[in-house]
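*Asks:* structure for the following, please:
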Amino acid sequence: MTIDLLDEGREAATLLGTDRSLMPEIRELVTHYFLCQALLALWDNGFYEYAKSHPRFTVDEVVAELAVDRTVFETCIVYLNALGFLTRDGEHYGLSERGRKYHNSYFRGLIDLYVGGYGGILQNLNRAARGEIQLSDLHRSTKHAAKGTEEINCISGIPKVLSVMQEIGASRVLDLGCGTGGFLIQLARQFDGLQAIGVDMDADAVEMAREHARDFGLENRIAWHVAELGPDGLPLPASIADGVDVVTAMYILHEMGRGGRQAIVETLTSLRKTLPGRHFIFFESEPPDVDGLAADPAGQTGALNYWFIHPLSLQGSPRWPDDWRGIVEDAGCTLIRHELISPNARLRFYLGKLGNGNGNGAAHS
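*Replies:* Here you go, the predicted model:
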């Protein structure tokens, strides 16, 4: 289809002449895209930590210490300075007040999760729309997705799990899909009596988790194993599972939904057989409330973004609490309670038991 650029130009000129705020608004959308990409590139190469510990720095100092390309780094720095994220005094730069506000784990987590983790999905969306390719995990960075989840979790997820573990008297946790270990390490640093086991299917992530645990002196309190959770069970020796009193799964169960709802049921069933009677804590996002979006679109942008990316990456879509209750009960388990902990992102905490009181662990209320 051929576009008549003369007609398009006249229409655009009329729109831009009528609404003077439209052109800056359009340009701002592109600027946000550039900004996110620049921050991801810098933060991926150590600049997040560097800027936290160096109030003032020069381009030469950062290039030497972080071993980054000078042209790329300097271009990004000049761009951030122009946007007010940095201040400049001669050759020295530093975070501005605005830069310090944005230099936090929540924003970094969103950048890692969506720009780093799902950037490949979005960049190939046009080809997928034409049917040239099918989007899959090959187009996302599981490393960035896991890292972003860890960073966001430190705000509300970790404190919630810590509180519940103290409430139920748990002190030995098995974390499914532990990634690079951020969740367990944060938990162990706040819970002196905690013993933990982290399990992930990615051997590289598990090795990074071991390194991070050593950095914090936690190598004797957290054990790491490469294993994959699925309908056929969790391939761990019984000696490892015997002392576990609570199992955690941070935004992992929906991934089993790639094979449909029954695949999640079968996964939970196998977990119940391996660890009967244990408490089970999991976090999942739910879909945005359509009526709520109409009334307050900005109030659920987190949930909308999360919902948008999951069908595209062929993961299991977000589910409502009633659906999760049905899944848990169909697996012979018990859902004790659930709670919405982030209204904008619709993130929900669930506490259950791997059993239903019929020989598979007593149910608690």
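*Asks:* quick one: residue 171 from residue 162, how far?
*Replies:* 12 Å (CB to CB, to the nearest Å). Where you see a C-beta, it was placed from the backbone N, CA and C, and this is true even at glycine.
*Asks:* and the helix or strand of the chain with the lowest mean pLDDT, how far from the chain's centre?
*Replies:* The helix or strand of the chain with the poorest confidence is helix 290-295; it has a mean of 75 (mean pLDDT, DSSP states H and E). Here helix 290-295 is found 24 Å from its chain centre; the criterion is CA atoms, centre = their mean, to the nearest Å.
*Asks:* phi, psi of residue 252?
*Replies:* phi -110, psi -40 (degrees, to the nearest 10).
*Asks:* that one: neighbouring residues, count only.
*Replies:* The number of residues packed near residue 252 is 20, by other CB atoms under 10 Å.
*Asks:* nearest spatial neighbour of it, chain-adjacent residues omitted?
*Replies:* residue 177 (3.9 Å; CB to CB, 6 or more residues apart in numbering).
*Asks:* need phi/psi at the one you found.
*Replies:* phi 70, psi 50.
*Asks:* from residue 200, how far off is it?
*Replies:* Applying CB to CB to residue 177 and residue 200 gives a distance of 6 Å.
*Asks:* neighbour-wise, which of these two wins?
*Replies:* Taking neighbours as other CB under 10 Å, residue 177 and residue 200 compare with residue 200 leading, 26 against 22.
*Asks:* what's across from that one in the sheet?
*Replies:* residue 226 (DSSP bridges).
*Asks:* distance of it relative to residue 240?
*Replies:* From residue 200 to residue 240 the distance is 14 Å (CB to CB).
*Asks:* likewise for residue 182?
*Replies:* Distance from residue 182 to residue 240, by CB to CB: 21 Å.
*Asks:* one more: residue 298?
*Replies:* 46 Å.
*Asks:* those two - which one has more neighbours?
*Replies:* More crowded of residue 298 and residue 240, by other CB under 10 Å: residue 240, with 15 against 8.
*Asks:* what pLDDT, on average, does the longest helix along the chain get?
*Replies:* Assignment by DSSP state H gives helix 142-168 as the longest helix of the chain. What helix 142-168 shows for mean pLDDT is 88.
*Asks:* low pLDDT regions in this structure?
*Replies:* 357-365 (pLDDT under 70).
*Asks:* now the least confident helix or strand of the chain: buried residues?
*Replies:* Along helix 290-295, no position meets the burial threshold by neighbour count (16 or more other CB atoms under 10 Å).
*Asks:* residues touching it, excluding its own?
*Replies:* Residues outside helix 290-295 that contact it (CB atoms under 8 Å, 6 or more residues apart in numbering): 299, 300, 304.
*Asks:* just give me the neighbour total for the first one.
*Replies:* Spelled out, it's residue 299. 15.
*Asks:* so it is in contact with residue 342, correct?
*Replies:* No: with contacts counted by CB atoms under 8 Å, residue 299 stays clear of residue 342, the gap being 11.5 Å.
*Asks:* where exactly do the helices run in the stretch 201-350 of the chain?
*Replies:* 203-215, 238-241, 253-256, 261-274, 290-295, 301-312, 321-330 (DSSP state H, counting those that start in this stretch).
*Asks:* need those helices in CSV (columns: distance to residue 104).
*Replies:* Formatted as CSV, the helices of the stretch 201-350 of the chain follow (distance: least, CB to CB, whole Å):
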stretch, distance to residue 104
helix 203-215, 20
helix 238-241, 36
helix 253-256, 26
helix 261-274, 33
helix 290-295, 26
helix 301-312, 16
helix 321-330, 29
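*Asks:* identify whichever of those helices lies nearest to residue 116.
*Replies:* helix 301-312 (12.4 Å; CB to CB).
*Asks:* skipping adjacent residues, who's closest to the residue nearest to the spatial centre of the chain in space?
*Replies:* In the chain, the centroid-proximal residue (CA atoms, centre = their mean) is residue 149; its distance is 2.3 Å. Spatial nearest neighbour of residue 149, excluding adjacent residues (CB to CB, 6+ apart): residue 251 at 5.8 Å.
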